[in-house]
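Enquirer: 3D model of this:
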Amino acid sequence: MGEQHHAKFPQEVIDEYATLGIDLVAMFSAGHLGTRMGVRIVEASADRVVGTMPVEGNTQPYGLLHGGASAVLAETLGSVGSMLHAGSSKIAVGVDLNCTHHRGVRSGLVTGVATPLHRGRSTATYEIVVSDEAGKRVCTARLTCLLRDAGHAAGGERVRAAD
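Expert: Next up is the predicted model:
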């Protein structure tokens, strides 16, 4: 978990954000929460986002993968897809997350795959399937993000680019 991993982005996306001085790896990460949970984005495009997360360290008292951990993985992957769909002029803000947990997992790595259900001008909805190492579905999630102009945050305050 301590090694550095980089997501694979389409070259045109890398170029678009590089002209704005934005580090894609940092921008499309799971942030501090994702780092603590070991979330790693493996592949990223508006059509498909793939990420992994270890079960160890993300369990509930019975030793099973915590449902909230699956939700963090799902929202991270769906948000990345939504932001890639929206482009650099917008930000994606999650407004609805629904998770159905199908089976428990006690160890190993889970993998989430986010694919678009709807990609509009003001919202994007992704389905995220979280599976265990045997390929069995652990969780099915749906995330809808509001796509806002990058100049304003969800609460109306101005958003500044990171230095």
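Enquirer: His66 - how many residues pack around it?
Expert: Applying other C-beta atoms under 10 Å, we find 17 other residues in the vicinity of His66. All C-beta spots, glycine's among them, are computed from the backbone N, C-alpha and C.
Enquirer: so who does the residue lying farthest from the centre of the chain touch?
Expert: In the chain, counting by C-alpha atoms, centre = their mean, Tyr62 sits farthest out from the average C-alpha position, at 26.1 Å. Tyr62 makes contact with Gly104, according to C-beta atoms under 8 Å, 6 or more residues apart in numbering.
Enquirer: run the last query once more with 7 Å
Expert: Listed by C-beta atoms under 7 Å, 6 or more residues apart in numbering, Tyr62 has no contact partners.
Enquirer: just His85 next, same as before
Expert: Ala46, Pro116, Arg119, Ala124.
Enquirer: mind putting these in TSV, distance to Arg36 included?
Expert: Putting these into TSV (distance: C-beta to C-beta, whole Å) gives the following:
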residue	distance to Arg36
Ala46	27
Pro116	28
Arg119	30
Ala124	26
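Enquirer: Go through the residues you listed and flag which are in strands.
Expert: Using DSSP state E, the subset of the contacts of His85 located in strands is Pro116, Arg119, Ala124.
Enquirer: Restricted to buried residues, select those in ChimeraX.
Expert: Only the buried members of the ones in strands among the contacts of His85 enter the following ChimeraX selection, criterion being 16 or more other C-beta atoms under 10 Å:
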select :116,119,124
